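Undergrad: Quick one, fold the following:
(2 chains)
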Amino acid sequence: MISAVQLTKCFGAQKAVDSLSFEIPAGQIVGFLGPNGAGKSTTLKMLTGMIAPTSGSATIAGFDLLTQPIEVKQHVGFVPDSGAVFESLSGLEYLEMVAALYGIPQNAARLRIKQFIQFFDLSFETLTDKLLGAYSKGMRRKVVITSALLHNPPVVFFDEPLDGLDANAAVGFKALIQTLAREGKTIVYSSHVLDVVERVCHRVIIIDKGKLLLDGKPEELVAAHQSGTLEKLFTQITGGAELEQRAEDFAKTFWA
Amino acid sequence: MNAPPLLPEPVPPLEKTLRRLFLMLFLRGRSARGLKKSLAPQSIGRKLALTLIFYTLFGCMALGFLKQPIFALAVYLHGMTFAFLGMFVAASAGEILFNKEEADILMHRPVGPRMLLWAKIRVLVEVSLWLAGAMNLVALVAGAFSAHGDWRFPPVHAVSTVLEALFCTGSVVLLYQLCLRWFGRERLEGLMTTAQVLMTIVLVMSGQILPRIVFQLSGVLDASAAAWWMGLLPPAWFAGFDDALAGSGTGRSWLLAGLGVAVTTLVLWLAFGRLAQSYEAGLQSLNETVSPRVKVSGRRRWLSTLVELPPLSWWLRDPVSRSSFLLTAAYILRDRDVKLRLYPGIAPMLVFPFIFLFQGHGRSDGGFGLAMSGAYAGLIPLLALNLLQYSQQWQAADVFRVAPMGGPAAICHGARRAVLLFLTLPMLLVFAGVGLAIRHDLSQLMWMLPGLVALPVYAMIPSRLSGAVPLSIPTEEAKSAGRGLWMMVAMFSSMGLAGLAVWAHYEGAFWQFMAGEVMVAVAVYVWMRRSLDKVRWQAID
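TA: As a prediction, this is how the structure comes out:
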């Protein structure tokens, strides 16, 4: 469903993504991990057609990213980490606008929106009466997730989707993406909350400095590296092993 | 009987959805603190009602030209329209065309860049036409009854005004595309800001200066007598259009009209057709997080060094004021959004003093020109501080309220001092230098004193009246018409002061007048400063 071949992105002399290649079949949930500045968001933005790769290629749902960008965009949903929305629109206005961009008629869109708000435990009045600028962070995140799934895309990219969601909503969301995967949708899930990734994802891809470090099933990777948990494995391979000692040293010098 | 088959529900065209979206964003602004959906304006007319009334009233000044030939009337109208539209388009286009947050919302949706560009341009042109229409409304009707006009003037002038609005919008968009094409994405931000600021200043200057050149310096009143170089000034093209079709119809006016139509067509073709692909590159560049170049280690920024040297180290001895000074100076010098609003906004204040200075050149105006330039220079901090309140990062200003300070006084003082040092002082030196070069007499600079004495008082007004904390208000509120009217009042009061000084000079009481002004200014300044120190933070909506 997703195929990336030697995908590279340079910003001037800096290589943000360096010859990244991977294949993701339909129905798989893939955790896309890496430390800050590893190139995760840049990769996701390239795969959703938001920025052009410097070199390499990719196909999404059979469409070429470089030559068929509109077709690719019709087949993907994306929840960016910024959670940006047009704040001066009400939730309903925003979602109906997004639905129209995908060619969904207004009545059909409203039906789907109602299903989502029921799932997310939002009231329709909140959606119609309040402007998005007045929403809490969690409510806004729910609207952004709805806007990514409204057109029923076969491929969905999530960049820190749980940010701002309360515990109940987070549990519901995790169940939702597992259901979506069972229906054959491909999910790419980028997050720093590694225990969630470990529980939800069928496979993890770990990158650092734009390069692929590890690719495989979480339990197999953890066993192979004898790290016990995915979090320990992550810090082990991305150079974060001495963090606890550093925190201790910092606390001693700062509050001394 | 079978029920008729249900027709599939029509899907609104993408263009319509996008145009509706951008119009709604223009009407409501992009952020929503304090905004209630039910109170949001439903049309451009309602959103800009006060501005449109102000423009219509301003357009009434054209009635003074009804006895002049059509070319002269049209030059005045197009000059003013060009200046005001230019300012609006240049200030709004950056935010409308390249909004950073918007990229995260729309760039992964199935929408082409050309469609996005067209939807935005349509809204921009629509608003421009409302403004141009208001400014030309009175003259449009009155022109038909002017000494040289007839029924042809209203429709012809309406067409030329539409052309002018399209030219203004197209030029700004074209400028963006060319910057992208020639200089690449990496240098886009800085270059476009400089180019746009310069363009606005040129638009304002050509709009303000052209009518004066036509009427006052060369005595040229009709197109046939116009010098060749007038063909370089866009308002003259559209005035030529009016004169060709509804006025004298001379060969020269047809030439100017042809030039206007040809250049407008070329600009639109280049901006919206040929170079539209560059727009996609520009939008994509907003998503790219480019790491700033690493400075040589240990090297400090000149601004930080400057505040530690005397006399600034003494002037900014209060640490809060010093921080506010550095913040304001950084935004005046670096921030694209602030620069695009600030420099075009104060451009008229920079242009008018030169006009007054050159008007008196070669003639004895009794110091009126210099007194007026002093009066305008005194308004620079007032206008600049007012404009500096607005920022796209306005929510970050909440940090001031979180800090252990009772009110905004120290922050206002720092911002005011940054404006005085980086904007007002350089302009004062330029005005004094030009005045000296023209008059060749140092004593003539005394005419600038009435404006300069009032300057500290005017500089306190924004802080005292509206608690002008820098960068603390959403940019959408900068479009408020009340602000324009308020500025007009300040401008008239400052000009009145200069006029009184000239009158006092003729009465042989200039220095007595100055002594009186100094005493009043000191008293008002001290009172404003003390009351500002007592101002507490207002509750956030």
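Undergrad: For the closest residue to residue A:186 other than its chain neighbours, the count of nearby residues, please.
TA: The shortest distance from residue A:186 to any non-neighbouring residue, by C-beta to C-beta, 6 or more residues apart in numbering or on different chains, is to residue A:1 (4.2 Å). To be clear about C-beta, it is placed using only N, CA and C from the backbone, and glycine gets the same treatment. Look at residue A:1: counted by other C-beta atoms under 10 Å in any protein chain shown, it has 19 neighbours.
Undergrad: do residue B:62 as well
TA: Residue B:62 is flanked by 23 other residues according to other C-beta under 10 Å.
Undergrad: before we move on, back to that, identify the residues contacting the residue nearest to residue A:186.
TA: A:24, A:25, A:26, A:28, A:60, A:61, A:154, A:155, A:186 (C-beta atoms under 8 Å, 6 or more residues apart in numbering or on different chains).
Undergrad: how far away is it from residue A:31?
TA: Distance, residue A:1 to residue A:31, using C-beta to C-beta, to the nearest Å: 16 Å.
Undergrad: Please identify the helix or strand for residue A:8.
TA: strand A:2-11 (DSSP states H and E).
Undergrad: what's that strand in contact with?
TA: Applying C-beta under 8 Å, 6+ apart, the contact partners of strand A:2-11 are A:15-24, A:39, A:42-43, A:46-47, A:51, A:53-60, A:155, A:186, A:188, A:210, B:288-291.
Undergrad: Show the buried residues in those.
TA: When the contacts of strand A:2-11 are checked for burial by 16 or more other C-beta atoms under 10 Å in any protein chain shown, the buried set is A:15-18, A:20, A:22, A:24, A:39, A:42-43, A:46-47, A:51, A:53, A:56, A:58-60, A:155, A:186, A:188, A:210, B:288.
Undergrad: from these, which ones fall inside helices?
TA: The helices, defined by DSSP state H, take in A:42, A:43, A:46, A:47 from these.
Undergrad: Looking at chain A, which residue is nearest chain B?
TA: Closest residue of chain A to chain B, C-beta to the nearest C-beta: residue A:133 (2.6 Å).
Undergrad: That residue: how many residues sit nearby?
TA: Residue A:133 has 21 neighbours, counted by other C-beta under 10 Å.
Undergrad: now swap in residue B:10 and tell me
TA: For residue B:10, using other C-beta under 10 Å, the count is 8.
Undergrad: Ramachandran coordinates for the nearest residue to it once chain neighbours are set aside?
TA: Of all residues not flanking residue B:10 in the chain, residue A:105 sits nearest, at 6.9 Å (C-beta to C-beta, 6+ apart). Backbone torsions of residue A:105, given as degrees, to the nearest 10, read phi -60, psi 150.
Undergrad: residues making contact with the strand or helix carrying residue A:146?
TA: Element membership for residue A:146 (DSSP H and E) is helix A:137-149. Outside helix A:137-149, the residues that touch it by C-beta under 8 Å, 6+ apart are A:77-80, A:83-85, A:91, A:94-95, A:98, A:113, A:116-117, A:120, A:122, A:126-127, A:132, A:135, A:156, A:158, A:161, A:163-166, A:169, A:173, A:180.
Undergrad: picking up where we left off before, possible to save the contacts of residue A:1 as TSV with distance to residue B:416?
TA: Written out in TSV, the entries for those read as follows (distance: C-beta to C-beta, whole Å):
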residue	distance to residue B:416
A:24	58
A:25	63
A:26	62
A:28	60
A:60	54
A:61	58
A:154	58
A:155	54
A:186	57
